[in-house]
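**Student:** This is the structure alone, sequence omitted:
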């Protein structure tokens, strides 16, 4: 008995994708961190959706380099070496730039004031 391994089996890519386990976040914070910019987070709650809006608003107030660094690290999940190559700096220096960008974001969030209610709950 021989098998013909060269036969094509027609399938729809959507059917194939439906077989894969869904990538549902385990909690709201994971959903928030994994949501690409401009996309809705999975199963948003009112408080989390408000928090997302606050962070987006504050991101727009950052310098373009800080915005770029945070988006590359948080959304694109690039390594420090890759980020450094993009910016023309070393990997360790790109880590410092990330630290500075997140510090600036923290400062803007505190100045904004809306974030304080989440910290006190």
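**Tutor:** Thanks, I have the structure now. Being a predicted model, the structure only gives us computed values, none of them experimental. Residues are numbered from 1 along each chain as shown.
**Student:** For the closest residue in space to residue 108 that isn't next to it in sequence, list the residues it contacts.
**Tutor:** Ranked by C-beta to C-beta, 6 or more residues apart in numbering and with sequence neighbours excluded, the top spatial neighbour of residue 108 is residue 58, at 4.4 Å. C-beta here means a position set from N, CA and C on the backbone, and glycine is covered the same way. By C-beta atoms under 8 Å, 6 or more residues apart in numbering, residue 58 lies in contact with 105, 108-109, 112, 115.
**Student:** among those, which ones are buried?
**Tutor:** Buried members of these, scored by 16 or more other C-beta atoms under 10 Å, are 105, 108-109, 115.
**Student:** Redo the residues you listed as a markdown table? Include secondary structure, distance to residue 79 and pLDDT.
**Tutor:** A markdown table is the format used below for those (DSSP: H, G, I helix; E, B strand; the rest coil; distance: C-beta to C-beta, whole Å; pLDDT from 0 to 100):
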| residue | secondary structure | distance to residue 79 | pLDDT |
| --- | --- | --- | --- |
| 105 | helix | 20 | 91 |
| 108 | helix | 26 | 91 |
| 109 | helix | 26 | 88 |
| 115 | coil | 29 | 78 |
